[in-house]
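Novice: 3D, please:
(2 chains)
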Amino acid sequence: MSSTSCCQVQPPSYVTATPILRAVETCSTMAELKQHHSLILRLGLSTDNHAMSRVINFCSKHDQFHYALKVFNTIPNPDTFLYNTLLKSHFNSHSQTPFNVFLFYSHMLEQSLTPNSFTFPTLIRSCSFYKQVKQLHAHVIKFGFGSDVFALNNLIHVYFSFGSLDDARKVFDKMPEPNIVSWTTVISGYSNCGHVDEAFRVFELMSHKNSASWNAMIACFVQNNRFKEAFDLFKQMRVEKVELDKFVAASMISACTGLGALELGKWIHGYVERTGIELDSKLATTIIDMYCKCGCLEKALQVFNGLPRKGVSSWNCMIGGLALHGKGEDAIRLFREMEREMVVPDAITFVNVLTACAHSGLVEEGRYYFRYMTEVHGVEPAKEHYGCMVDLLARAGRLDEAKEVLDEMPMSPDASVLGALLGACKIHGNLELGESVGKRVVELEPGNSGRYVMLANIYASCGKWNQVAGVRKMMDDRGVKKEPGFSMIEMEGNVNEFVAGGRDHPLAKEIYVKVDEMLESIRLVGYVPDPDGILHDLVEEERENPLLHHSEKLAICYGLLKSKRGETLRITKNLRVCKDCHQACKLISKVYDRDIIVRDRNRFHHFSNGECSCKDYW
DNA sequence: ATAGGGTTAG
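Specialist: This next block holds a predicted model:
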């Protein structure tokens, strides 16, 4: 037998390396991986691209970009695959390690490596400038991926995210064979840019839809506050027997949150439990938020307490929910518990803690946590935190101190910060400051009708009627329409909407009879219409029905008609409840012996036995 | 032999 030694063939590394590479897959921690890594090096595989890509890929899955980069830099001849793997690792990571994706890509080209079909999707999604997208688009074509759906879908996505609808649409329209992902990307692209109707046109053109497509459209309606249409689409989806997955569940629960539709929200939550849909942290947060914002704190706490693992967002959400209900002390207690459980609070946590203080009049506590946030947790105050402090102080009547915070904040105050001060000026009757702040706010947000209304209110409360008229004229000249106020109440699975003086409801006649009866019975216990809510006078259709037929009163009467004694009425209002209705609600709760929970734009009012949970502090 | 796109929180 002749010896084979002269032509001994080394088996390819992937044959010999298989066991160790498979071992890499079974690692569960980085420490384990590092051991395997050193074993790989000892086996002489340090130049084996395949082995190294497995290692890098593992780092990628464990958000260890830093280590991935270190490994990459030791590889003598990385191939396209390795470049792709590292790009992906960077894209997935939250690491702060400085890394220039585009430099890396050009380096790859300099090594005479050609990008393949896996290169562009990641690269395109890593763009931070519009120009980069344009350049990469050219490369996609140049390297022959002009018909590659993966590359093109990513281009569509990124063009939309830079607000370039035309570029995105052009790519989509020219695609030879767009797939379901392309269509869905276009729908959510339009959605994020607020083009709901265009999104819907595209949706209707789709011949094959799956859960993701339905969800994209439902989410589109939800994100653009068109909850009713989200509900309708959901019904249709159920008829067509499309799977209700966790994404659709989450979107619909948000829709319920938007409308205050507790019953449907409960049903979907029940569905999630029945069908064993995985309750991940996002879905859990959505559910908790729904219960909080639909006025059911007990249920929210129950879900929250039942979570096996609570992430920051779950804590944030629950703390925010308590704040919304004016339960400042409870919110602070929960925050303390969060710290004990060693969950690291973030900027949002403190927004919620400070909001809780503001809504409960906990001025000293608010000041304390404002300092605490930076000193103990290293969270630098952002605009929102200053906004909370302004709100906290101003609401408590310390307008001068609020003004100080405003002047001292390092960034320029935006409309929401000034708006907080403005609202407080109204409550505490500081007309001088109110006027100057009001004018600033209007100019900062010239399209926001609420700001004009607030300014007009300030003028009205000191009898400056000429200026009130001036504000109204300014709105007309600029074509700003007051956002119409409406209230909703869910009954027998339907969401009923009411506008002031509206007569569209099928039971309008009975409702108005009930309103008259109700007004009469609260008059007997001292109700006097309070015309202070002059803002409603700014709206044509409300002028005929000042105060007495505000949407919340109509919704309550409908609720009284349709529910049994002792049942709680839950009303959702899109604007803030006015002073007159607030007073009326207190009396109704007493005369009719009903709990009434009103969620307005800012917070909850829980009326019971003649009193409100906000203690008139809102 | 290894990698890929769209949909959900505060």
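Novice: got the residues of the stretch 1-150 of chain A near DNA strand B?
Specialist: A:14, A:50, A:53-54, A:57, A:80-81, A:84-85, A:88, A:116-118, A:120-121, A:125, A:148-150 (CB under 7 Å from any atom of the strand). Quick note: C-beta positions are derived from backbone N, CA and C, even for glycine.
Novice: Buried ones among these?
Specialist: Those of those that meet the buried threshold are A:53-54, A:57, A:80-81, A:84-85, A:88, A:116, A:118, A:120-121, A:125, A:148-150, by 16 or more other CB atoms under 10 Å.
Novice: for the residues you listed, which one is nearest A:Asn430?
Specialist: Top of the list for closeness to A:Asn430, among these and by CB to CB, is A:Arg125 at 50.2 Å.
Novice: what's the closest non-adjacent residue to the closest one?
Specialist: Spatial nearest neighbour of A:Arg125, excluding adjacent residues (CB to CB, 6 or more residues apart in numbering): A:Asn154 at 5.7 Å.
Novice: Kindly confirm whether my reading is correct that the one you found touches A:Phe118.
Specialist: No: using CB atoms under 8 Å, A:Asn154 and A:Phe118 do not qualify as a contacting pair, with a distance of 11.4 Å.
Novice: How about the secondary structure of A:Lys241?
Specialist: A:Lys241 falls in the coil class when you classify it by DSSP: H, G, I helix; E, B strand; the rest coil.
Novice: Need phi/psi at it.
Specialist: With angles defined as degrees, to the nearest 10, A:Lys241 shows backbone torsions of phi 60, psi 40.
Novice: what about it, neighbour count?
Specialist: Using other CB atoms under 10 Å, A:Lys241 is surrounded by 7 other residues.
Novice: got the contact list for the single nearest residue of the stretch 451-600 of chain A relative to DNA strand B?
Specialist: Nearest residue of the stretch 451-600 of chain A to DNA strand B, counting by CB to the nearest atom of the strand: A:Arg599, 14.1 Å away. By CB atoms under 8 Å, 6 or more residues apart in numbering, the contact set of A:Arg599 is A:260, A:293-295, A:570-573, A:605.
Novice: cool, A:Gly493 as well?
Specialist: When contacts are counted by CB under 8 Å, 6+ apart, A:Gly493 is found next to A:263-264.
Novice: and it, how far is that from A:Ala555?
Specialist: For A:Gly493, the distance to A:Ala555 under the criterion CB to CB, to the nearest Å works out to 16 Å.
Novice: One more: A:Gln132?
Specialist: Summarising the geometry, the distance separating A:Gln132 from A:Ala555, computed by CB to CB, is 51 Å.
Novice: of those two, who's got more company?
Specialist: Remark: of A:Gln132 and A:Ala555, A:Ala555 carries more neighbours, 27 against 18, as counted by other CB under 10 Å.
Novice: On the C-terminal side of the helix or strand where A:Lys134 lies, identify the next helix or strand.
Specialist: Counting by DSSP states H and E, the secondary-structure element that holds A:Lys134 is helix A:130-142. Where DSSP H and E defines the elements, the next helix or strand beyond helix A:130-142 is helix A:149-161.
Novice: and the residue of the stretch 451-600 of chain A closest to DNA strand B, what pLDDT?
Specialist: According to the model's per-residue confidence, A:Arg599 sits at a pLDDT of 90.
Novice: Check A:Ile187 too.
Specialist: Per-residue pLDDT puts A:Ile187 at 96.
Novice: what about it, neighbour count?
Specialist: The local packing count at A:Ile187 equals 28, with neighbours defined by other CB under 10 Å.
Novice: Next, the angle helix A:149-161 makes with the helix or strand where it lies.
Specialist: According to DSSP H and E, A:Ile187 maps onto helix A:180-192. Orientation check (axes from the mean of the first three to the mean of the last three CA atoms, to 10 degrees): helix A:180-192 against helix A:149-161 gives 0 degrees.
Novice: okay, now the domains of chain A?
Specialist: Segmentation of chain A into domains, based on automatic domain parsing, reads A:1-92, A:310-368, A:381-482, A:486-612.
Novice: which helices and strands does the one helix or strand A:Ile522 maps to pack with?
Specialist: Counting by DSSP H and E, the element that carries A:Ile522 is helix A:508-523. Contact here means 3 or more CB pairs under 8 Å, 6 or more residues apart in numbering; DSSP states H and E; on that basis helix A:508-523 packs against helix A:551-562, helix A:579-591.
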